[in-house]
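**Student:** With the input below, show me the fold.
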Amino acid sequence: MGVKLRAVLIACLGAASFSGCAPSASPEQLRDAGISRVSREVELASGDVIRVSALVREGVGTPLVYVHGTPSDAAAFFAYLEHPVSQSPAVSIDRPGFGDSEPNRVVTSYEEQARAVLAWCDEPAVLVGHSLGGPIIARAAADAPDRVAALVILAGSLDPDLEAPRWFNHLADGPLGGLLSRSMRNSNDEIMGAPEEAKLLAGLLGRVTCPVVIVHGVRDTLVPFANVAFMERAFSGAQHVETVVLPRARHMIVWTHEEECRAAIERAIELASEASGARVTDGT
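**Tutor:** Here you go, the predicted structure:
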């Protein structure tokens, strides 16, 4: 019975995961693409220090930092590093609790997750987040507006009224969670914690000042399209908010609508450059 329950849980959680299974990248693929794996230490608010791993491609220009959803890892954005959107340096992180990053357990706090993202912002960067990566990069921009040049939110789950764990999430939250892999277990724990974290974030989104580009599919059944209306209202302090609507797209737009996602990232780089030029002109 335990094997059957485990199969049911994995099937349900996998089907309803925010980002599903990310493409993998072998060490040979990384080497051939000029991508290296690097790790940095990040101090959490608790004082604990964790190691956060990332795929890194060198370049020149406005840095790009990619943040995956759940469950997933840095390889979710491998294609965007292998064939870069611009000549800018690019980083795709393994969020805490996933991939090669510490800790082994989940880190449900968006604030702590944002610290891991900001650790890679040596200068103001364009942050790109898919699914659960969306609210995390928004939290980073709210907490450290001087270190974020622009946001690109791809199928982001930000509306707290739309965050509701499903029956199998509650099932996996009990003793049966021990049957799951680290990635699936941590993903389920993130989903269980998302309603409260989204409520905390909602009150902070007005602090985001950088340009925001939103891309969302109308047919997204995992993160409903209604999130868009919430974001357009909530980013009240942003210099610019722009939305790209994909009428036929579902949730996995990072892979199914790569051309549109790349165009949105290019647009964010452009908006970040314009905003930076305006600040220089104003003498700020």
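**Student:** Okay, now the unreliable bits of the stretch 151-284 of the chain?
**Tutor:** 176, 278-284 (pLDDT under 70).
**Student:** Show me where it has its helices.
**Tutor:** 167-172, 182-202, 227-234, 253-256, 258-282 (DSSP state H, counting those that start in this stretch).
**Student:** and of those, who's closest to I50?
**Tutor:** helix 182-202 (13.3 Å; Cβ to Cβ). Backbone N, C-alpha and C define where each C-beta goes, glycine included.
**Student:** what angle separates that closest one from helix 227-234?
**Tutor:** 40 degrees (axes from the mean of the first three to the mean of the last three Cα atoms, to 10 degrees).
**Student:** G237 is in contact with P211, isn't it?
**Tutor:** No: between G237 and P211 there is no contact, the gap being 11.5 Å when judged by Cβ atoms under 8 Å.
**Student:** Of these two, give the one with the bigger neighbour count.
**Tutor:** Higher neighbour count among G237 and P211: P211, with 26 against 13, using other Cβ atoms under 10 Å.
**Student:** And the residue lying closest to the more buried one once chain neighbours are set aside, how far from V218?
**Tutor:** Leaving aside its chain neighbours, P211 sits nearest to L271 (3.8 Å; criterion: Cβ to Cβ, 6 or more residues apart in numbering). The gap separating L271 from V218 is 24 Å, by Cβ to Cβ, to the nearest Å.
**Student:** So which of the two has more stuff around it?
**Tutor:** Higher neighbour count among L271 and V218: L271, with 22 against 13, using other Cβ under 10 Å.
**Student:** Would you check how far apart the more buried one and A234 are?
**Tutor:** The value you get for L271 to A234, if Cβ to Cβ is used, is 18 Å.
**Student:** Kindly report the same for F78.
**Tutor:** 31 Å.
**Student:** Check the chain and tell me which residue is nearest its centre.
**Tutor:** Nearest to the mean C-alpha position of the chain, by Cα atoms, centre = their mean, lies G133 at 1.7 Å.
**Student:** Touching, it and V67? I think so.
**Tutor:** Yes: with contact defined as Cβ under 8 Å, G133 counts as touching V67 (3.6 Å).
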